[in-house]
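In: output the structure for:
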Amino acid sequence: MATAWALAAGFAFWTFKNRKERLVRASQPLFLLLICLGCFVMSSAILPFSIDDSIASQRGCDVACMAWPWLFSSGFAVAFSALCSKLWRINKVMNHARRLRKVVVTEKVVLVSLFSAAEW
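Out: Residues are numbered from 1 along each chain as shown. Purely as a prediction, here's the structure:
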């Protein structure tokens, strides 16, 4: 878990630090940061597994049992929705390029589809 947290935080820091570079800009840094956030939250789902009845009350154990599916599924939804939104954006640009039309897909439009997919 600590390794996954360190890697997610390290990649997020690297992305934020290099967000002005051409390669990172082409990779859409906002979505790279959302993928890092999703991986961080998804790996946090391991933490409730360390709680048992010898160190916590029955209520604490119940909360831990209910927390891990929420952490895992919400982290997965954020990371996978960011990936799908990146693919949707690339698909839209490539389809318009095939027809020799210019299209600008802003991050605002893609974020709406991201949050609607994550919410669904």
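
In: show me the shaky parts of this protein.
Out: Residues of the chain meeting the criterion pLDDT under 70: 113-114, 117-120.

In: how much space between residue 19 and residue 43?
Out: 23 Å (Cβ to Cβ, to the nearest Å). (Each C-beta comes from the backbone N, C-alpha and C, glycine too.)

In: so which of the two has more stuff around it?
Out: A direct count of neighbours by other Cβ atoms under 10 Å for residue 19 and residue 43 places residue 43 higher, at 19 against 14.

In: please identify the helix or strand for that one.
Out: According to DSSP states H and E, residue 43 maps onto helix 29-43.

In: name the helices or strands packed onto the helix or strand harbouring residue 82?
Out: In this structure, residue 82 sits in helix 58-98 according to DSSP H and E. Under the contact criterion of 3 or more Cβ pairs under 8 Å, 6 or more residues apart in numbering; DSSP states H and E, helix 58-98 touches helix 29-43, helix 107-119.

In: okay, those, which one's buried deepest?
Out: Stretch with highest mean neighbour count among the helices and strands packed on helix 58-98: helix 29-43 (a mean of 20; mean count of other Cβ atoms under 10 Å).

In: quick one: residues in contact with it.
Out: The contact list for helix 29-43 (Cβ atoms under 8 Å, 6 or more residues apart in numbering) reads 1, 4-5, 7-9, 11-12, 15-16, 19, 24, 71-72, 74-83, 85-86, 107, 110-111, 114.

In: which among these end up buried?
Out: By neighbour count, with 16 or more other Cβ atoms under 10 Å, those hold 8, 11-12, 15, 24, 71-72, 74-79, 81-82, 85-86, 110, 114 as buried.

In: what secondary structure does the residue nearest to residue 18 when sequence neighbours are not counted sit in?
Out: Leaving aside its chain neighbours, residue 18 sits nearest to residue 24 (4.7 Å; criterion: Cβ to Cβ, 6 or more residues apart in numbering). With DSSP: H, G, I helix; E, B strand; the rest coil as the basis, residue 24 sits in helix.
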